[in-house]
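In: kindly return the folded structure for what I paste below:
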Amino acid sequence: MSEQNNWQLPSDFDVMNAENSTCDCGYAFFDTVVTLKKVPSSISPTGEEAVVPVPVFKCSSCGKINEEYYK
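Out: Sure, this is the predicted structure:
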């Protein structure tokens, strides 16, 4: 697991009071969509090519997927 995903919020942090993330268009609501990533057989645990679903967020207003969130 990457270091980026190995963290926790402090127990006294109220996420409902956190600043909203917005799209470039200014909208603050997003839909969850799925992209499919191919895993080559050379690194797959089964030795066969695999497809892994990865959830991403798409702006509910303009449809943009902000690639910056998925680096």
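In: for the closest residue in space to Phe30 that isn't next to it in sequence, name its beta-bridge partners.
Out: Excluding the flanking residues, the one nearest Phe30 by C-beta to C-beta, 6 or more residues apart in numbering is Phe57, at 4.0 Å. The C-beta positions use only the backbone N, C-alpha and C, and glycine is treated the same way. With DSSP bridges as the criterion, Phe57 is bridged to Thr32.
In: Phe57 contacts Asn66, correct?
Out: Yes: here Phe57 reaches Asn66: they are 7.5 Å apart, a contact under C-beta atoms under 8 Å.
In: sorry, back to before: check what pLDDT the residue nearest to Phe30 gets.
Out: Note for Phe57: predicted pLDDT of 93.
In: and for the one 10 residues further on?
Out: With respect to pLDDT, Glu67 scores 82.
In: how about Trp7?
Out: So, for Trp7, pLDDT stands at 81.
In: from Met16, how far off is it?
Out: In this view, Trp7 and Met16 are 19 Å apart by C-beta to C-beta, to the nearest Å.
In: so for the protein, the centremost residue is which one?
Out: Centroid-nearest residue in the chain, with C-alpha atoms, centre = their mean: Val56, separated by 4.3 Å.
In: give the residue spans of this structure that score low on pLDDT.
Out: Low-confidence segments of the chain, defined by pLDDT under 70: 1-5, 71.
In: residue most distant from the centroid, it?
Out: Outermost in the chain, C-alpha atoms, centre = their mean: Gly47 at 26.5 Å.
In: quick one: residues contacting that one.
Out: With contacts taken as C-beta atoms under 8 Å, 6 or more residues apart in numbering, Gly47 has the following neighbours: Ser41.
In: ok, it to Val54 distance?
Out: Plainly put, Gly47 is 22 Å away from Val54 if you go by C-beta to C-beta.
In: before we move on, what about Tyr27?
Out: Taken as C-beta to C-beta, the span from Tyr27 to Val54 is 22 Å.
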